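Trainee: Got a predicted structure plus its sequence, pasted below:
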Amino acid sequence: MKFMLLMNCPRNVEQTLSTWSPADFQAHVAFMKRLNADLQQRGELVLAEGLDMPTAARIVRGQQKGPPLVTDGPFAEAKEFLAGFWIVDCSSRERAVAIAGAASLAPGPGGKPMQIPIELRQVMQAPKLVE
Amino acid sequence: MTAAAQPELLALLREQVPRVLGAVARRCSDFAAAEDAVQDALLQALAAWPAGRPANPGGWLYHVACRRLADHRDSERTRRHREATVAQDPAIGTADVHDDLDDDLLRDDTLPLLFTCCHPALTEPTAVALTLRAVGGLTTAEIAAAFLVPEATMAQRIGRAKQTIADSGIPLALPDPPERPARLRAVLHVLYLIFNEGHVASAGAQLVRVELATEAIRLARLLHRLLPDDGEVAGLLALLLLTDARRGARTGPGGELVPLDEQDRGRWDRAAIAEGSALVTAAFHRGNVGAFQLQAAIAALHDEAPSVAATDWPQILALYDVLRRLADNPAVELNRVVALAMVHGPVAGLARLDELAQEPRLQRSHRPHAIRGHLLAMAGDHAAAAACFRAAASHADNLAERAWLLRKAASSPAD
């Protein structure tokens, strides 16, 4: 079964990321790399990416005539933003929950687990032949 | 011309793989290394054989795989060198291999291989992947494409399966007789999973997908040839054939799902139905009826009926009554509800559905809602039926079913 894990970071992380010490930031990145390497070794990783900060995001709308319209917003006011995502292919929902739980504990400032909320969404499947 | 453009060549290659792997594994007594070497030989054959097929394909693969094994035992220098030398080495062209052909190759290890690859110590996804490669003779890239995961991920999954086999000391051998029935059930389960992954091509025509349903049938046929007297092996093969027979009618021109009661039965594969029915009938006569035989018998009754109304529902209900005693499976209970309603009316079906409402394994499923909608429509309560179909759509985890359920909700006649 495939699942998408959406890592939603609190808005203040965006604002305070520049205040993280280099060591804390490196520890965070190293944690993510280890997690991804572990998923890869288990044969569960389909895709994992971290996203640029939402301040750099653009909204694109196709126009019936002419080039698409690109704007800086408006973005829904949210307390959280999408910081990255995984797509994993694992044997059960329980396993997907375990992966999300591990990702959630990525270290923040001072090495303290951040308990990042991870949104778990199952990827749509094809119909089974035999029920 | 590439090997992919020659289906007959591909089929020939795949048939050789389990026998060659068995022989190589026995020679080097390292299953993981043997399996890698055979995969290397397979890849090389895919490149070399289209230009000229060897007269002894099994011997060729065995010969190349053994060379690969020797290569792997050599130093890193040799390994780096290998790519270049192999390409130029006339000995590994398509020349026939007559010498060093072990008697080993004449022994068929397909059965022990299946037991090893489907060992219950392996997780289901890893067992499925390893079986497709080691017994099915598929390449890692083909398996990865079929499951829509990166090739590196699939390679790790296969590596993990082999690591588990090595760590657990699982031998490449037939299990002891007392263990055999349970171990055979694990093999049948893996083949069933492969078939169920081989769904209709809903993920897009741009993907070249191995037909997993076809591959599962081929492997089940192989197993049936090796164990012709086992009723459940025959039952699984029959179930797969009888289900696959409807494949052509199961999707509409736009890829949309066509449920059983709306399918054009003229498009069902009569030859597959005849073969499946004959298999399950013969298995029933031998006695010792199991779950796959019962499911196959139910599928046969559907396949042989000229319409939903003319289906032998009392017999289907009776078969479900036996099946539910063999397997604690909520999907069986749900299917039985439909049969119950067809025999005793929608009210009886709805009552049983209410009893199943607490079943924890059905909480996330869209099917109880869909079946309730179906039964309410049978009872004439179309407004309530539409609401159920909408609820089912919100629970469906695939787009084709969701689209069909929403269409069903929209087309319910207003009261």
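Mentor: Thanks, I have it.

Trainee: switch to C-alpha atoms for all contacts and neighbour counts from now on
Mentor: Will do.

Trainee: Touching, A:Arg121 and A:Phe85? I think so.
Mentor: No - with contact defined as CA atoms under 8 Å, A:Arg121 does not reach A:Phe85; the gap is 10.8 Å.

Trainee: Mutual contacts of these two, please.
Mentor: With contacts taken as CA atoms under 8 Å, 6 or more residues apart in numbering or on different chains, A:Arg121 and A:Phe85 have A:Met4, A:Leu5, A:Leu6 as neighbours in common.

Trainee: Identify, from these, the entry nearest to B:Ala47.
Mentor: The closest of these to B:Ala47 turns out to be A:Met4 (CA to CA; 36.8 Å).

Trainee: What is the helix or strand hosting the closest one packed up against?
Mentor: Under the criterion of DSSP states H and E, A:Met4 resides in strand A:2-10. Helices and strands touching strand A:2-10, by 3 or more CA pairs under 8 Å, 6 or more residues apart in numbering or on different chains; DSSP states H and E, are strand A:80-89, helix A:93-104, strand A:118-122.

Trainee: Now with 7 Å, please.
Mentor: Taking 3 or more CA pairs under 7 Å, 6 or more residues apart in numbering or on different chains; DSSP states H and E as the contact definition, the neighbouring helices and strands of strand A:2-10 are strand A:80-89, strand A:118-122.

Trainee: gap between the first one and the chain center?
Mentor: Just to be clear, that refers to strand A:80-89. Relative to the mean C-alpha coordinate of its chain, strand A:80-89 is positioned 2 Å out (CA atoms, centre = their mean, to the nearest Å).

Trainee: Out of the shared contacts of A:Arg121 and A:Phe85, which end up buried?
Mentor: A:Met4, A:Leu5, A:Leu6 (16 or more other CA atoms under 10 Å in any protein chain shown).

Trainee: out of those, who's nearest B:Glu211?
Mentor: For these, with B:Glu211 as the reference and CA to CA as the criterion, the closest is A:Met4, at 25.7 Å.

Trainee: where does the closest one land on pLDDT?
Mentor: Predicted confidence (pLDDT) at A:Met4: the value is 97.

Trainee: just checking, it touches A:Arg121?
Mentor: Yes - with contact defined as CA atoms under 7 Å, A:Met4 and A:Arg121 form a contacting pair (5.1 Å).

Trainee: got any ranges where chain B has weak pLDDT?
Mentor: Counting by pLDDT under 70, chain B has low-confidence residues at B:1-5, B:75-106, B:198-210, B:414-415.

Trainee: Please point out which parts of the helix ranked longest in it sit buried.
Mentor: In chain B, taking DSSP state H as the definition, the longest helix is helix B:7-28. Buried residues in helix B:7-28, defined by neighbour count with 16+ other CA under 10 Å: B:9-10, B:13-25.

Trainee: got the buried residues for the next helix or strand after that helix?
Mentor: Toward the C-terminal end, the helix or strand that comes next after helix B:7-28 (DSSP H and E) is helix B:31-48. Residues of helix B:31-48 classed as buried by neighbour count (16+ other CA under 10 Å): B:31-42, B:44-46, B:48.

Trainee: what's the spacing between helix B:31-48 and its chain's center?
Mentor: Taking mean C-alpha positions (CA atoms, centre = their mean), helix B:31-48 and its chain are 23 Å apart.

Trainee: Just give me the neighbour total for B:Ala351.
Mentor: Taking other CA atoms under 10 Å in any protein chain shown as the neighbour definition, B:Ala351 ends up with a count of 12.

Trainee: same question but for B:Ile371, I mixed them up
Mentor: Around B:Ile371 there are 22 other residues, counting by other CA under 10 Å.

Trainee: swap in B:Leu356?
Mentor: A total of 18 residues lie near B:Leu356 under the criterion other CA under 10 Å.

Trainee: now what about the helix ranked longest in chain A, what contacts it?
Mentor: When secondary structure is assigned using DSSP H, the longest helix within chain A turns out to be helix A:22-41. Residues from elsewhere that reach helix A:22-41, judged by CA atoms under 7 Å, 6 or more residues apart in numbering or on different chains: A:Leu45, A:Ala106, A:Pro107, A:Gly108, A:Pro109, A:Gly110, A:Gly111, B:Thr153, B:Gln156.

Trainee: Repeat that for stretch A:43-56.
Mentor: When contacts are taken as CA under 7 Å, 6+ apart, the neighbours of stretch A:43-56 outside the stretch itself are A:14, A:39, A:83-90, B:149-150, B:153-154, B:156-157.

Trainee: Show me what the helix or strand bottoming out on mean pLDDT in chain A is packed against.
Mentor: Using mean pLDDT, DSSP states H and E, helix A:11-16 stands out as the lowest-scoring helix or strand of chain A, at a mean of 72. Helix A:11-16 makes packing contacts with no helix or strand when contacts are defined by 3+ CA pairs under 7 Å, 6+ apart.
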